[in-house]
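Participant: here is my input, please return the structure:
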Amino acid sequence: MLQLCKITDSLLISNTKSACSEELLTQEGVTFCINVSRQQPFPSLGLGTLRVPVLDDPSENLHSYFEQCAGIIEDVVQKGGRCLVYCKNGRSRSAAVCIAYLMKHRHLKLEDAFEIVRIARPVVQPNVGFWSQLKEYEQCLQEEALNE
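Facilitator: Prediction:
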């Protein structure tokens, strides 16, 4: 079944097949797509796009993209747009990026952010490497908050 799962009013998550459905993208008012994969296609609509060239492999460094992706998502939100984050299956890479955004800009703890994403898309499960990178990111965000 094709669907874009709504995490917040402005943030959606899906797999590649759904992300490339022009009908769904138009229906949901998506203005920007973050494709968290090395080779999955982009939708053919003229939307803003970012590719995060990471495989769904625990040894991949997704952490280095958390700040950039969270910033772009927040920028889209502030401009009144809607951002779709996707990867091949919409389960690990895209979920980790969405969780990082919620931690950074909604000031949520890792477990709470994960729960919100899981409620929106029950199949989400960041791989063990991405989960540990999210834990590191949570620590970085906590340290930043203390230093402000």
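Participant: give the contact list for the residue nearest to Arg106 when sequence neighbours are not counted.
Facilitator: Leaving out its chain neighbours, the residue that sits closest to Arg106 by C-beta to C-beta, 6 or more residues apart in numbering is Ala113, at 7.3 Å. For every residue, glycine as well, the C-beta is placed using N, CA and C. Ala113 makes contact with 98-100, 102-103, 106, according to C-beta atoms under 8 Å, 6 or more residues apart in numbering.
Participant: now restrict these to buried residues only.
Facilitator: Listed as buried from the contacts of Ala113 are 98-100, 102-103; burial here means 16 or more other C-beta atoms under 10 Å.
Participant: kindly indicate which of these lies nearest Cys5.
Facilitator: Cys98 (9.6 Å; C-beta to C-beta).
Participant: hmm, back to that, let me know the secondary structure of the residue nearest to Arg106.
Facilitator: Under DSSP: H, G, I helix; E, B strand; the rest coil, Ala113 falls in the helix class.
Participant: same deal with Asp9?
Facilitator: Counting by three-state DSSP, the backbone at Asp9 sits in coil.
Participant: tell me, how many residues neighbour the residue lying closest to it once chain neighbours are set aside?
Facilitator: Nearest in space to Asp9, with sequence neighbours left out and distances taken as C-beta to C-beta, 6+ apart, is Arg82 at 7.8 Å. Here the number of neighbours of Arg82 (other C-beta atoms under 10 Å) works out to 21.
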